[in-house]
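Undergrad: I need the structure of the sequence given here:
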Amino acid sequence: MKKGFYFKTYEKPFKTPFEVLFDVFKELIVHTSGDFEEAIDWLRELDAEYKLTTPDYSIEDFIEDLKKKGFIREEITGDGTGEVTITSKTERLIRQAALDQIFGNLNKSGSGNHKSKQLGGGDELTGELRSYNFGDALDRISLTESLKNAQINNGIGEFQLTENDLVIEDTHYKSQMSTVLMIDISHSMILYGEDRITPAKKVAMALAELITTRYPKDTIDILVFGNDAWPISIKELPFLKVGPYHTNTVAGLQLAMDMLRRKRNTNKQIFMITDGKPSCVREKDGSYYMNSNGLDEYIVEKCYTQAAQARKLHIPITTFMIANDSYLQQFVDKFTEANQGKAFYTGLSGLGEMIFQDYEANRKKKLK
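TA: From the prediction side, this is the model:
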């Protein structure tokens, strides 16, 4: 047979009518925050424009298949009417799709731990040798180096291998990582004709899926912050919506630190995705102080205080700022300096890659 390259016209992989529609549906259900009826309405419009269905397979057939395959279910609401919702099976597939879309070029890794500079009981060889100590695992003995020591120490004539000849090849000690991801859901996340919350949701779903599947020994908690801050579960991410809120960054940081205080892991970090300036704080009497005009000195000083507090707790904060206003960058710079953390000024298209790269960078060192 002749060897070499063979070129031909590209042929896209075959997909059934259901698979074609399902790929589009998974994208739409995120944009509609889990609203099935709205997603189907959008699907019908796309079908009319791009001819997604066939004469033998309609949108109604697709909906029926979604029910049969367990991707949707009908629920009875409080007023007795029926409502179609997506199932946990669909939620999982949406997270996997987000992971493939954002981190699709990543190589698989069998380990879910984080390297540190310390040596110890890990499973990745460092190339450094030391003498054998009682209790060391036998599979860590460097056979070649040990035999060489035996020849040097005892001679070749009457070969013998003693405990003093044995050497161990050290491994990296691996630690676990606890991460809190903060997502801004203030009204500005959908202002100015730009949908910023959907990319933020996708990144959150991808990061959650990455950590739970690739780094199962790590933990990830997710919180949202507007006028207040509250935790959400991973399964709630597709349904996340922006509210008529100001931006209470202080409340988000306080909750994030409370979450991390309860973690036993040494390595802890906060990722914060935001597009706006802090504009709200809650006072001790329960009232809210709000000011959306520029940077309010009273509010930003409280943010700096929280950044410094996180630094004392050895919790670095990485801020992903979806804005390019110079005065906001100055605020983030000072905030980052107070925490000794990091800041990225990024567009929506590069957000996922930046978060992954920072997560990978942090897992290669011990955070202090």
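Undergrad: switch to C-alpha atoms for all contacts and neighbour counts from now on
TA: OK.
Undergrad: how close does D358 get to P244?
TA: 31 Å (C-alpha to C-alpha, to the nearest Å).
Undergrad: counting neighbours, go ahead and name the busier of these two.
TA: D358 (14 against 10; other C-alpha atoms under 10 Å).
Undergrad: the longest helix in this protein is where?
TA: Longest helix of the chain, by residue count under DSSP state H: helix 197-214.
Undergrad: sheet partners, orientation included, of the helix or strand following that one?
TA: Per DSSP states H and E, the first helix or strand lying C-terminal to helix 197-214 is strand 219-225. Strand 219-225 pairs in its sheet with strand 177-184 (parallel), strand 229-232 (antiparallel), by DSSP bridges.
Undergrad: what is the mean pLDDT for strand 219-225?
TA: In this model, strand 219-225 has an average pLDDT of 96.
Undergrad: picking that back up, please identify the deepest-packed of the strands paired with strand 219-225.
TA: strand 177-184 (a mean of 24; mean count of other C-alpha atoms under 10 Å).
Undergrad: now do it: everything it contacts.
TA: The contact list for strand 177-184 (C-alpha atoms under 8 Å, 6 or more residues apart in numbering) reads 113-114, 200, 204, 217-226, 247, 252, 256, 259-260, 263, 265-275, 363.
Undergrad: buried among those residues? Need that as a selection in PyMOL.
TA: Buried residues among these (16 or more other C-alpha atoms under 10 Å), as a PyMOL selection:
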select buried, resi 113+114+200+204+217+218+219+220+221+222+223+224+225+226+247+252+256+259+260+267+268+269+270+271+272+273+274+275+363
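Undergrad: report the separation between K201 and E194.
TA: Taken as C-alpha to C-alpha, the span from K201 to E194 is 14 Å.
Undergrad: neighbour count winner among those two?
TA: K201 (23 against 11).
Undergrad: ok, the more buried one touching K235?
TA: No - using C-alpha atoms under 8 Å, K201 makes no contact with K235, being 11.3 Å away.
Undergrad: which parts of the stretch 101-250 of the chain are helices?
TA: Counting by DSSP state H, counting those that start in this stretch, the stretch 101-250 of the chain has helices at residues 143-154, 197-214, 249-261.
Undergrad: would you format those as TSV with distance to F134 and mean pLDDT included?
TA: Shown next, in TSV, are those (distance: least, C-alpha to C-alpha, whole Å; pLDDT from 0 to 100):
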stretch	distance to F134	mean pLDDT
helix 143-154	15	80
helix 197-214	34	89
helix 249-261	36	97
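Undergrad: thank you kindly, that will do.
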